[in-house]
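*Asks:* show me how the following folds:
(one chain, ligands or ions: 3)
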Amino acid sequence: MKAIQYRTVGEGPELVEIDTPEPGPGQIRLKVTAAGLCHSDWFVMGLPAEQYTYGLPLTLGHEGVGVAEKLGDGVEGIELGATYAIYGPWGCGQCHACAQGAENYCARAEELGIHPPGLGAPGAMAEYVIVDDARHLTPLGDLDPVETVSLTDAGLTPYHAIMSSKDKLFAGSTAVVIGTGGLGHVGIQVLRAVSPATVIALDITEEKLALAREVGAHHALMSDESAIGEIRRLTGGRGAEAVFDFTGVQPTLDIARQVVATDGDIQIVGIGGGLLPTGFFSTPFGASVRAPYWGTRSELMEVLALARTGSVGVHVERYSIDEAVDAYTRLHDGKVQGRAVVVL
Ligand code: NAD
Ligand code: ZN
Ligand code: ZN
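*Replies:* Ligands and ions are numbered 1, 2, ... in the order given. The predicted model follows:
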């Protein structure tokens with residue numbers, strides 16, 4: 001089968017031909033319909049050899065949707081021929097966090113060697129993918145697979161961050177979204193769907209700001225020093241009750257720290273490697289700083305439900321698997337509007 005793999009540290013992704021995998025006991029083989037490209041893939045492919053822990057070769061793709069096509073021994077509750085979205089942050093299924101459906105915070109995944117597809121386990125950017133357990137599949141129903149696939153990460157991750165700040169997002173509050181790419185442009189829509197907050201979006205090109213306005217941002221500003229004063233002005237001096245940073249580089253964290261309101265939340269979702277000093281005289285009284293990871297199983301169901309009501313949707317750029325390597329270059333160069341999705 002065709003697959004997009006990362007094979008050599010320091011090189012980019014490659015289109016390769018590999019064997020079609022067989023599902024073992026308890027596993028499900030999906031015929032992949034669509035797989036999304038995430039900037040985290042470039043984080044992984046940017047690591048030096050001594051920090052790289054994902055295994056080689058690595059089949060990419062941690063956003064996946066496909067049709068259940070072959071069941072391993074003992075699999076129950078999965079309908080052959082039905083379409084499913086993959087819940088990616090696989091956990092042990094047994095610990096306290098997993099029992100709550102928060103497998104993204106599994107206490108034992110690392111020690112047990114359990115990795116998400118595309119981030120350790122073979123991913124969905126291939127004609128077929130193996131899913132380790134039926135609980136990691138959510139039926140898609142009547143949702144369009146290509147338009148929905150990225151909700152498994154670019155939807156779920158902002159949703160998880162936003163829901164954990166929901167008590168700050170009261171009527172009259174302000175939410176700042178920094179970085180309106182794959183995650184950010186869905187985050188804006190989630191904010192509009194679940195809260196009455198005024199949404200201010202920041203990015204670095206006019207095209208991205210236009211998309212931010214199109215998907216529901218009340219204000220869209222260039223992400224530079226001038227944004228700090230502008231956000232203060234738009235909030236009557238208070239600042240923003242919640243800041244969602246989908247970039248996480250030093251300049252954006254510096255903005256986040258200076259625009260967050262007293263008792264506000266900063267959610268660092270982007271893994272750009274910046275640091276945010278927290279403490280008296282560094283952050284406002286009561287401010288919280290959190291670096292959330294992906295989302296829970298029930299939150300994926302909730303994001304899909306938001307898509308079903310039409311309040312959240314992904315702005316998709318479609319590519320064939322033969323074009324996937326070029327699509328990765330576009331993502332690397334900041335040229336993708338919304339999310340790039342490989343359609344199989
Ligand atoms: P993306 O490339 O689609 O979007 C990033 C956006 O940030 C782009 O629109 C870009 O123009 C903008 N940007 C770059 N520099 C900026 C700056 N200085 N100020 C404002 N905007 C700026 O990437 P994505 O796939 O949406 O991922 C966003 C980040 O989230 C990445 O760091 C990714 O690795 C991370 N991520 C984290 C999690 C998690 O669980 N925490 C999950 C998925 C992705
Ligand atoms: Zn991702
Ligand atoms: Zn667990």
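*Asks:* which parts of the stretch 51-200 of the chain sit against ligand 1?
*Replies:* With C-beta under 6 Å from any ligand atom as the criterion, the stretch 51-200 of the chain meets ligand 1 at residues 153, 157, 178-184. All C-beta atoms are positioned from the backbone trio N, CA, C, and that covers glycine.
*Asks:* burial count for whichever residue of the chain sits closest to ligand 1?
*Replies:* Proximity to ligand 1, evaluated over the chain using C-beta to the nearest ligand atom, is greatest for residue 181 at 1.9 Å. By other C-beta atoms under 10 Å, 24 other residues sit near residue 181.
*Asks:* just residue 42 next, same as before
*Replies:* 14.
*Asks:* pretty sure it sits against residue 331.
*Replies:* Yes. Look at residue 42 against residue 331 with C-beta atoms under 8 Å: they come within range, at 6.8 Å.
*Asks:* for stretch 4-22, give the mean pLDDT please.
*Replies:* Computed over stretch 4-22, the mean pLDDT rounds to 97.
*Asks:* sorry, back to before: mind listing what the residue of the chain closest to ligand 1 touches?
*Replies:* Taking C-beta atoms under 8 Å, 6 or more residues apart in numbering as the criterion, residue 181 is in contact with 39, 203, 208, 246, 334, 336, 338.
*Asks:* quick check: closest non-adjacent residue to the last one.
*Replies:* Ranked by C-beta to C-beta, 6 or more residues apart in numbering and with sequence neighbours excluded, the top spatial neighbour of residue 338 is residue 315, at 2.8 Å.
*Asks:* assign the closest residue to residue 48 other than its chain neighbours to helix, strand or coil.
*Replies:* Excluding its sequence neighbours, the residue lying closest to residue 48 (C-beta to C-beta, 6+ apart) is residue 9, at 7.3 Å. At residue 9 the chain is in coil, as set by DSSP: H, G, I helix; E, B strand; the rest coil.
*Asks:* pretty sure residue 9 is touching residue 49, no?
*Replies:* Yes. With contact defined as C-beta under 8 Å, residue 9 and residue 49 form a contacting pair (4.6 Å).
*Asks:* which of those two has more neighbours?
*Replies:* The neighbour comparison of residue 9 against residue 49 (other C-beta under 10 Å) goes to residue 9, with 14 against 9.
*Asks:* relative to residue 121, how far out is that one?
*Replies:* From residue 9 over to residue 121 the distance is 19 Å, taken as C-beta to C-beta, to the nearest Å.
*Asks:* which is the succeeding secondary structure element to the helix or strand containing residue 84?
*Replies:* Taking DSSP states H and E as the criterion, residue 84 maps to strand 83-86. Using DSSP H and E, the next helix or strand after strand 83-86 towards the C-terminus is helix 96-99.
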